[in-house]
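[1] Sequence plus predicted model, see below.
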Amino acid sequence: MRSLRAATACLVLAGLLTAPAHAAHAAKDACTWTETPIPPADTWGTANVVAGTGTGHYAGAVRRVENGQFFMEMVLWTAGEPFGRTQPPPPGYRRPGPVDENGTGTVAVNAQSFDPSESGASFRYHGGHQGLGVYERLPVPDGFKQVNAESINERGDVLGTATADNRTEAVVWPGDGAPPVVLELSEGNYLLRAIDIDNDGSVLLHLAQGPHLWRAGGLTPLATPPGYRLTSASSLRGGIAVGYTRALDEVATHQGLLWSDPANPEFLKGAAFGDDINAGGQVLGRDAGFADAVWQRTTFVDAIPANGPASRVFDDGSILAERPGGYSVWRAACLGTT
């Protein structure tokens, strides 16, 4: 949680994590960072942690090549456990790949069929941090052949795509089990990517005409500031989206953006990219030198001292980043004025 004062601010990008294994001290009035390595998995291969609950639980996969064959296993890391636990694949499927996880520990998963003539499938995976989880298959909408999950919100709504022979559309599977909803787009404004789903069901899409919000059946474009082009958005939370645009100069300079109002983009001060945002308005992005850093809404807070790319900022303020041989979670305590 972030608390701002008129003269003195104290920012704690904190989480319900174990005691830190390493600390890095920043400059005066910046942040004191602590690093907690995520333990290894109970299987061998290259780990890829993709999501978490914001309470110390994480989801990812381990990949390896064995006897010339490619294997991928889903792994869940549960707070307090000494290693990540391999999860069984859905019956009849293989290579389960988690893409997102919500605060209750429900994971959005895509998996491949053993039958090469069949398409893969998408699932919600419930209860894996408490023991053996349960897969809930997401139905394929009428008229489509294949689906792919992308994001999940706190209600359990899943955003993804559905593909037919000649088109791909965005689709939402409601968390209450209601039939999937295919999002209708205006003619000529076709889908390029389904990006994120907010807790109220709003959806962030990248369309042929740029980034848009889909809310209650209506589409709203995210505006590009004057003098910029090639705008893109990457994350949506609490009604606020973040992303970037590029200037009309010779080098097409990147500029990070925040939209609390779709019609009025705000510059992330000193940012080239806005990559992720949490419910408290903490933004994970990259500065003008493409180094990972954190902002509170549009105000720069500090660079992140991780020795690998950062990918997520969770609602407890903790930040997921790669490190040599694995992943770590970083937390910051910051004292200074804003």
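    That came through, no problem.

[2] what bridges to residue 293?
    Counting by DSSP bridges, residue 293 is bridged to residue 285, residue 303.

[3] Name all residues that make contact with it.
    Residues near residue 293 by Cβ atoms under 8 Å, 6 or more residues apart in numbering: 270, 271, 284, 285, 286, 287, 300, 301, 302, 303, 304. For every residue, glycine as well, the C-beta is placed using N, CA and C.

[4] The second one and residue 284 touch, don't they?
    When you say that, I think you mean residue 271. No: using Cβ atoms under 8 Å, residue 271 is not in contact with residue 284, being 10.1 Å away.

[5] between those two, who's got more neighbours?
    residue 284 (27 against 24; other Cβ atoms under 10 Å).

[6] Report the separation between that one and residue 231.
    Going from residue 284 to residue 231 by Cβ to Cβ, to the nearest Å gives 19 Å.

[7] before we move on, what about residue 132?
    Distance of residue 132 to residue 231, given as Cβ to Cβ: 44 Å.

[8] What of residue 75?
    Noted for residue 75: a distance of 36 Å to residue 231, by Cβ to Cβ.

[9] Over to residue 269?
    Counting by Cβ to Cβ, the gap from residue 269 to residue 231 is 18 Å.

[10] who's more crowded, these two?
    Taking other Cβ under 10 Å, residue 269 and residue 231 do not tie; residue 231 has more neighbours (21 against 12).

[11] Check the contact between the more buried one and residue 211; I expect there is one.
    Yes: Residue 231 is within contact range of residue 211, at 6.2 Å (criterion: Cβ under 8 Å).

[12] any shared contact partners between these two?
    Overlap of the contact sets of residue 231 and residue 211 (by Cβ under 8 Å, 6+ apart) consists of 222, 243.

[13] Quick one: low-confidence residue ranges for the chain.
    1-29, 335-338 (pLDDT under 70).

[14] So which bits of stretch 204-214 are buried?
    204, 205, 206, 207, 210, 211, 212, 213, 214 (16 or more other Cβ atoms under 10 Å).

[15] now what about that stretch, what contacts it?
    If you take Cβ under 8 Å, 6+ apart as the criterion, stretch 204-214 is touched by 170, 183, 185, 188-198, 202-203, 219-222, 224, 231-233, 235-236, 241, 243, 262.

[16] Mind checking which of those residues land in strands?
    170, 191-197, 203, 219-221, 231-233, 235-236, 241, 243 (DSSP state E).

[17] thinking again about what came up before, who wins for most neighbours among the contacts of residue 293?
    Sorting the contacts of residue 293 by how many neighbours each has (other Cβ under 10 Å) puts residue 285 first, at 31 neighbours.

[18] measure that residue to residue 47 for me?
    24 Å.

[19] What is the neighbour count of residue 180?
    18.

[20] hmm, I was thinking of residue 128
    Neighbour count for residue 128, taken as other Cβ under 10 Å: 25.

[21] State the distance from it to residue 106.
    For residue 128, the distance to residue 106 equals 9 Å [Cβ to Cβ].

[22] next one: residue 317
    To residue 106, residue 317 is 21 Å away according to Cβ to Cβ.

[23] which one of these two has more residues nearby?
    Per other Cβ under 10 Å, whichever of residue 317 and residue 106 has more neighbours is residue 106, with 26 against 21.

[24] mind listing what that one touches?
    Residue 106 neighbours (Cβ under 8 Å, 6+ apart): 124, 125, 126, 152, 156.

[25] PyMOL command for the buried members of these?
    Those of those that count as buried under 16+ other Cβ under 10 Å are selected in PyMOL with:
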select buried, resi 124+125+126+152+156
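
[26] Of the contacts of residue 106, just say which sits nearest to residue 249.
    In terms of Cβ to Cβ, no member of the contacts of residue 106 lies closer to residue 249 than residue 152, at 38.6 Å.

[27] Distance check, the residue lying closest to the closest one once chain neighbours are set aside against residue 202.
    Leaving aside its sequence neighbours, residue 152 sits nearest to residue 108 (Cβ to Cβ, 6 or more residues apart in numbering; 4.2 Å). In this view, residue 108 and residue 202 are 17 Å apart by Cβ to Cβ.

[28] Neighbour count for these two, which is higher?
    Higher neighbour count among residue 108 and residue 202: residue 108, with 30 against 19, using other Cβ under 10 Å.

[29] For that one, give me its contacts.
    With contact set as Cβ under 8 Å, 6+ apart, residue 108 has these partners: 98-101, 122-125, 149-152, 158, 160.

[30] hey, C-alpha coordinates of the helix or strand harbouring it in CSV?
    Following DSSP states H and E, one finds residue 108 within strand 107-113. Taking C-alpha atoms only, strand 107-113 is exported to CSV below (Å, rounded to 0.1, in the frame of the first residue of the first chain):
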residue,chain,number,x,y,z
VAL,A,107,-4.7,-19.8,-12.8
ALA,A,108,-5.5,-19.2,-16.4
VAL,A,109,-3.9,-22.1,-18.4
ASN,A,110,-3.5,-23.1,-22.0
ALA,A,111,-2.7,-26.7,-22.9
GLN,A,112,-2.0,-28.9,-26.0
SER,A,113,-4.0,-31.9,-27.0
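
[31] Kind regards, and thank you for your time.
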